[in-house]
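Trainee: compute the structure for the input listed below.
(2 chains)
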Amino acid sequence: SQTIHQWPATLVQPVGSPLSLECTVEGTSNPNLYWYRQAAGRGLQLLFYSVGIGQISSEVPQNLSASRPQDRQFILSSKKLLLSDSGFYLCAWIGVYRGEAFFGQGTRLTVV
Amino acid sequence: AQTVTQSQPEMSVQEAETVTLSCTYDTSENNYYLFWYKQPPSRQMILVIRQEAYKQQNATENRFSVNFQKAAKSFSLKISDSQLGDTAMYFCAFMKDFGNEKLTFGTGTRLTIIP
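Mentor: You can find the predicted model right below:
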């Protein structure tokens, strides 16, 4: 069965520090991978999605970047965090045959 | 671009009653997929139900069913015999097609089941 791992679960970082959130998928190959951000009390905003190694599509201009160094690995990064980067970040794998989205458990990022 | 609208930020219902959550969407596509996801306090996203636009029959999953009105671009979720464990955020989502496509979410409805 397919599983998706995301870490860390919580993170507190100072303004101006770098960020690296990692997401890995098991049980599938060539997955479509997504990074979403959920602000408090709000919906899910799509940040990046990737359909293959090295292929990244950005939905919203921002302080973040994403990379896909391996087939089942998706990384969200920032060189210098801003206070506005605080939020709940979710990695997702979306199956191309049924369209179901499998989500990681999320990372609560607090920038202080 | 596709948009998904959930006009009910919060709802509450007594345990064992039936509740309906609303969702409308905007698209020019003829074939697409609609989903309802549940996000309990644990924040884990869980797929509740899925509907293919080419199917006229409304999808059902145990106590969960949808009312899919393609012409009206409406996709409501009905929860029957509501249980305390149904308390969660519910998100409606749209996907144009499988493959290299993104999943667009609504802003969510916070549902509280009252004991």
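Trainee: so where's the chain uncertain?
Mentor: I'll assume chain A. Within chain A, the stretches with pLDDT under 70 are A:40-42, A:61, A:96-99.
Trainee: ah, I was thinking of chain B
Mentor: For chain B (pLDDT under 70), the answer is B:98-100.
Trainee: mind doing that once more with 90?
Mentor: Scanning chain B for pLDDT under 90 picks out B:1-3, B:28-31, B:40-47, B:54-56, B:95-104.
Trainee: need the strands for it, in chain order.
Mentor: Counting by DSSP state E, the segments of chain B that form strands are B:3-5, B:10-14, B:19-21, B:24-26, B:33-39, B:46-52, B:60-61, B:64-69, B:74-79, B:88-95, B:103-105, B:109-114.
Trainee: mean neighbour count for those - can I get that in CSV?
Mentor: C-beta here means a position set from N, CA and C on the backbone, and glycine is covered the same way. Below are the strands of chain B laid out as CSV (neighbours: other Cβ atoms under 10 Å in any protein chain shown):
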stretch, mean neighbour count
strand B:3-5, 16
strand B:10-14, 13
strand B:19-21, 19
strand B:24-26, 16
strand B:33-39, 23
strand B:46-52, 18
strand B:60-61, 12
strand B:64-69, 18
strand B:74-79, 21
strand B:88-95, 24
strand B:103-105, 22
strand B:109-114, 17
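Trainee: could you dump those to TSV with distance to A:Arg37?
Mentor: Below are those laid out as TSV (distance: least, Cβ to Cβ, whole Å):
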stretch	distance to A:Arg37
strand B:3-5	16
strand B:10-14	21
strand B:19-21	23
strand B:24-26	21
strand B:33-39	14
strand B:46-52	19
strand B:60-61	28
strand B:64-69	27
strand B:74-79	24
strand B:88-95	14
strand B:103-105	11
strand B:109-114	18
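Trainee: can you lay out the ones you listed as TSV showing distance to chain A?
Mentor: Below are those laid out as TSV (distance: least, Cβ to the nearest Cβ, whole Å):
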stretch	distance to chain A
strand B:3-5	8
strand B:10-14	10
strand B:19-21	14
strand B:24-26	13
strand B:33-39	5
strand B:46-52	5
strand B:60-61	12
strand B:64-69	15
strand B:74-79	14
strand B:88-95	5
strand B:103-105	4
strand B:109-114	8
